[in-house]
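*Asks:* what would the 3D arrangement of this be:
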Amino acid sequence: MGMTSTDATARAAQCVDELSKHYNTSVTGLRTALAAYLNQGITPEKGDQLDGAFSYPKLSIIYKPDGPPPQISRSFGKLSASGIYVTTITNPELFRNYLIEQLVLLFCDYDVEYRIGPSDQDIPYSYVLDGAGDLDMNKASPSELAELFPYADLVSVGDELADGEMEPDGLTLPLSLFDAPRTDYSLFRLRHYTGTPFEDFQQFILFTNYHRYVDEFVKWAVDEVQKDDSPYEALSAAGFVSIKADTPDAVQTINAAPWRKYQMPAYHLKAAGGRGVTLVNIGVGPSNAKNITDHLAVLRPQCWLMIGHCGGLRQSQRLGDYVLAHAYLRDDHVLDNCLPLVIPVPPLAEIQTALQEATRRVSGESSDKIKSRLRTGTVVTKDDRNWELRYSAEARLFNKSRAIAVDMESATIAANGFRLRVPYGTLLCVSDKPLHGEIKLPGAANVFYERSIAEHLRIGLETINILKTDVANALHSRKLRAFNEPPFR
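*Replies:* The predicted structure follows:
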């Protein structure tokens, strides 16, 4: 067996300290070499990359038991076989809490050693430029720099491991789903698409497909930040705006920020240890939904939930009713090559229960009354917003599937959560009934929006509160893990 929790925590912290030292040395060395070339024309020594001067740190966990591994029932933090488990790490301080959590589990339950050293993966020069005011990038072209410095080579960035397509090399086993190049690729994409620092993303994520949810979230979040006893420290908003308790005219400041420049604006209500809430307005369509979840997955969030609008497919539904998805008809196509349609995307009981309980708490209605407003069933996700123009064919599909709602994002978010091992769930609000003559028109939509958005958002936030407390230890279902998973969650 391993060590005590106290000793394991101290050892894990030491491990992260060593990773940070190696990473910071590499980043400093790369920045220094870039400055020398751009400002003085000094080319880097040819051996700099070969001897690990610019490399990501490599973390190895060595497990050589005398007998078979112990039987561990949790879904992660376990070793299934003897061997050397390896990954590369970027930005260790950003992932400190996550790394310590994973390492403590291994150190407590297994007799393992760890080693840290240079890897054969170099840090691309473009990832160390943020805040480097001493570097004048106009003095050299990207192609020129790529000849002299490591660059973001797409050959080294991929999801083969997550998709079960990576062949083992026979020498080592993977320690985590995402290595350093894949993680850095997504971190910088997150900043690009959302207009916020990737450091500000929180562990609990809400997605929406309408900006009015953003307005409601901003008002609520500003109030939370300004409370004396609030667990929330600040609000980070699209356009690189930071709101503190003493920020004057906070809502106006956020609204005046250049958030429209960003494809999927994000808003982060920050709490200690990243235990706050992130809201991302992904807009409309499965392409955005796949895009953002591909990148958010490297942060290893606790969960992501879709709270958006849908078309109700049943005559008995009313505008403002809720749909709790327990199955998805994937007609979005963006993940078909990664996750074939023959693979089911199961509902996660812990999240389903939390969404239903949050609806009851926020609405204040009885269980019988809730049943008349909340339908559980199949949600169809389309990649064609004008599917109504093929009404006859689509109506047959909806009928055969027994679907109760249609949207353009939910199945994509759920499927990518399943694929990338992030707990997921969907609670939609009916904004129109396209099969029953109630199509979305401006007048009806405004009345609906005013009535439904505040309650729907509060349900999403209350669901997160439930998941943080009541379901914290059971959130990461074994339904999301394969039989030969990497040890890290």
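*Asks:* now residue 331: closest residue in space, sequence neighbours ignored.
*Replies:* Setting aside the residues directly before and after it, residue 331 is nearest to residue 382 in space (Cβ to Cβ, 6 or more residues apart in numbering), at 5.3 Å. All C-beta spots, glycine's among them, are computed from the backbone N, C-alpha and C.
*Asks:* got the phi/psi numbers for the one you found?
*Replies:* Per-residue torsions, residue 382: phi -100, psi 160 (degrees, to the nearest 10).
*Asks:* identify the residues contacting it.
*Replies:* Going by Cβ atoms under 8 Å, 6 or more residues apart in numbering, residue 382 touches 331-332, 406-408.
*Asks:* could you flag which of these are buried?
*Replies:* For the contacts of residue 382, a burial check counting by 16 or more other Cβ atoms under 10 Å picks out 331-332, 406-408.
*Asks:* roughly how far apart are the residue nearest to residue 331 and residue 336?
*Replies:* Residue 382 sits at a distance of 14 Å from residue 336 (criterion: Cβ to Cβ, to the nearest Å).
*Asks:* give me the low-pLDDT residue ranges for the stretch 1-150 of the chain?
*Replies:* Along the stretch 1-150 of the chain, segments meeting pLDDT under 70 span 1, 47-50, 131-134.
*Asks:* mind redoing it with 80?
*Replies:* Low-confidence segments of the stretch 1-150 of the chain, defined by pLDDT under 80, span residues 1-2, 45-52, 130-139.
*Asks:* in the chain, which residue is most central in space?
*Replies:* The structure's the chain has its C-alpha centroid closest to residue 296; by Cα atoms, centre = their mean the separation is 2.9 Å.
*Asks:* quick check: pLDDT value at that residue.
*Replies:* Note for residue 296: predicted pLDDT of 98.
*Asks:* in this structure it contacts residue 202, no?
*Replies:* No: using Cβ atoms under 8 Å, residue 296 makes no contact with residue 202, being 10.7 Å away.
*Asks:* list the residues that contact residue 408.
*Replies:* Contacts for residue 408 were tallied using Cβ under 8 Å, 6+ apart; they are 209, 284-286, 289, 332, 381-383, 385.
*Asks:* what's the neighbour count on residue 73?
*Replies:* Neighbour count of residue 73, defined by other Cβ atoms under 10 Å: 6.
*Asks:* distance from stretch 165-175 to the middle of the chain?
*Replies:* 25 Å (Cα atoms, centre = their mean, to the nearest Å).
*Asks:* what does that stretch rub up against?
*Replies:* 59-61, 81, 83-87, 160-161, 486-488.
*Asks:* that stretch spans what distance, first to last residue?
*Replies:* End-to-end distance for stretch 165-175, by Cα to Cα, to the nearest Å: 16 Å.
*Asks:* let me see the mean pLDDT of it.
*Replies:* The model assigns stretch 165-175 a mean pLDDT of 86.
*Asks:* now do stretch 226-245
*Replies:* Averaging pLDDT along stretch 226-245 yields 95.
*Asks:* equivalent analysis for stretch 363-373, please.
*Replies:* For stretch 363-373, mean pLDDT rounds to 85.
*Asks:* report the buried residues of it.
*Replies:* Per 16+ other Cβ under 10 Å, stretch 363-373 contains these buried residues: 363, 370.
*Asks:* residue 146: which element?
*Replies:* helix 142-148 (DSSP states H and E).
*Asks:* distance from the chain centre to that helix, please.
*Replies:* 32 Å.
*Asks:* which strands and helices sit next to that helix?
*Replies:* Under the contact criterion of 3 or more Cβ pairs under 8 Å, 6 or more residues apart in numbering; DSSP states H and E, helix 142-148 touches helix 5-40.
*Asks:* which residues in the stretch 351-489 of the chain form strands?
*Replies:* Ranges of strands in the stretch 351-489 of the chain, per DSSP state E, counting those that start in this stretch, are 374-382, 403-407, 424-432.
*Asks:* for these, which one sits closest to residue 242?
*Replies:* strand 424-432 (28.9 Å; Cβ to Cβ).
*Asks:* so for the closest one, mean pLDDT?
*Replies:* Averaging pLDDT residue by residue across strand 424-432 gives 95.
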